[in-house]
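Engineer: The following block contains a protein sequence and its predicted model.
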Amino acid sequence: ALSWDEVKQIHAAGHEIGNHSLTHNFMTKMNAAQLERETGLAEELITAHIGEAPLSFAYPYNEFNAAAHAAVLRHCIAAREKWTAFGGKNFTPAIADGYVLDAMKEHAWLVPMIHGIDTGFMPYSYASFQAHLAFVKRHVPAVWVDTYADVFRYTQERAAAELAATGAGGDSLEFSLGCPLDARVYDVPLTVVVPLPARGPIEELQVSRGEAALPFIREHDRLLIDVVPGLEPVRVTWE
């Protein structure tokens, strides 16, 4: 078991602390009041100890029904419904690497489910985990690694986003990126791809939003700009 101080340290390092119910019992066997207690009280405890409410939920024993799903979504924006088990006696780094390669081919979202490192249910050895992480790192940025909540929010924002050109000139362009979702929750940057004009060499590039400069990646004839949806337009200038 982890102490709350350890949980806070993990959260501060960038990991998501999700809701997994209060008592880890089968939610498919609970009535409405029990379901509310399992999700609501667990949310209150996590929020009180780390200062932030959990955004996603993982069902105990990976079992759920419509009633459990509805109860969870009253407290979280997402529930983990699909996963891939990592660990167990015969699980190797090659198997884990293969899952990643398959996901890359399919442009899919891979959600590894690990219950314990070295010990516990279906343990995943520390050495194997490190070898797999090294493999994944070699494939960044073709592979994006993030928390469940951030990937979910990204996909929802991308589906709802409204991108519009708001101005263009010989040496600049301007665009807006809006999103009708709740900005207090859905604030994960989306990557906007901006083609550069077909002209002579471009030496100077600047991307800004209001008074703030935005980071970008230049790939030959295009820019990749991470933008949080909002009302203020983004301006790209070049020389």
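Structural biologist: Done, it's in.
Engineer: Going by C-alpha atoms from here, please, whenever you check contacts or count neighbours.
Structural biologist: Noted.
Engineer: how close does residue 139 get to residue 19?
Structural biologist: 30 Å (C-alpha to C-alpha, to the nearest Å).
Engineer: Also residue 64?
Structural biologist: Going from residue 64 to residue 19 by C-alpha to C-alpha gives 14 Å.
Engineer: so what's residue 85 up against?
Structural biologist: Neighbouring residues of residue 85 by C-alpha atoms under 8 Å, 6 or more residues apart in numbering: 112-114.
Engineer: more neighbours, residue 139 and residue 19?
Structural biologist: Taking neighbours as other C-alpha atoms under 10 Å, residue 139 and residue 19 compare with residue 19 leading, 24 against 13.
Engineer: how about low-confidence regions in this protein?
Structural biologist: Applying pLDDT under 70 to the chain flags the ranges 199-200.
Engineer: That one: strands as residue ranges?
Structural biologist: 56-58, 78-80, 84-85, 112-113, 162-169, 172-178, 190-195, 205-209, 212-213, 216-219, 222-227, 230-238 (DSSP state E).
Engineer: tell me the most buried of those strands?
Structural biologist: strand 56-58 (a mean of 22; mean count of other C-alpha atoms under 10 Å).
Engineer: thinking in terms of the whole chain, how far from its middle is it?
Structural biologist: Between the centre of strand 56-58 and the centre of its chain there are 13 Å (C-alpha atoms, centre = their mean, to the nearest Å).
Engineer: Can you tell me which helices and strands that strand packs against?
Structural biologist: strand 78-80 (3 or more C-alpha pairs under 8 Å, 6 or more residues apart in numbering; DSSP states H and E).
Engineer: 10 Å instead, please
Structural biologist: helix 66-73, strand 78-80, helix 148-160 (3 or more C-alpha pairs under 10 Å, 6 or more residues apart in numbering; DSSP states H and E).
Engineer: Isn't residue 186 up against residue 178?
Structural biologist: No. Using C-alpha atoms under 10 Å, residue 186 makes no contact with residue 178, being 11.4 Å away.
Engineer: quick one: contacts of stretch 126-134?
Structural biologist: Contact partners of stretch 126-134, identified using C-alpha atoms under 10 Å, 6 or more residues apart in numbering, comprise 86-87, 91-97, 100, 116-119, 135-136.
Engineer: what about 8 Å?
Structural biologist: Contacts to stretch 126-134, defined as C-alpha under 8 Å, 6+ apart, come from residues 92-94, 96-97, 117-118.
Engineer: By residue count, what's the longest helix in this structure?
Structural biologist: Of all the segments of type helix in the chain, defined by DSSP state H, the longest one is helix 32-50.
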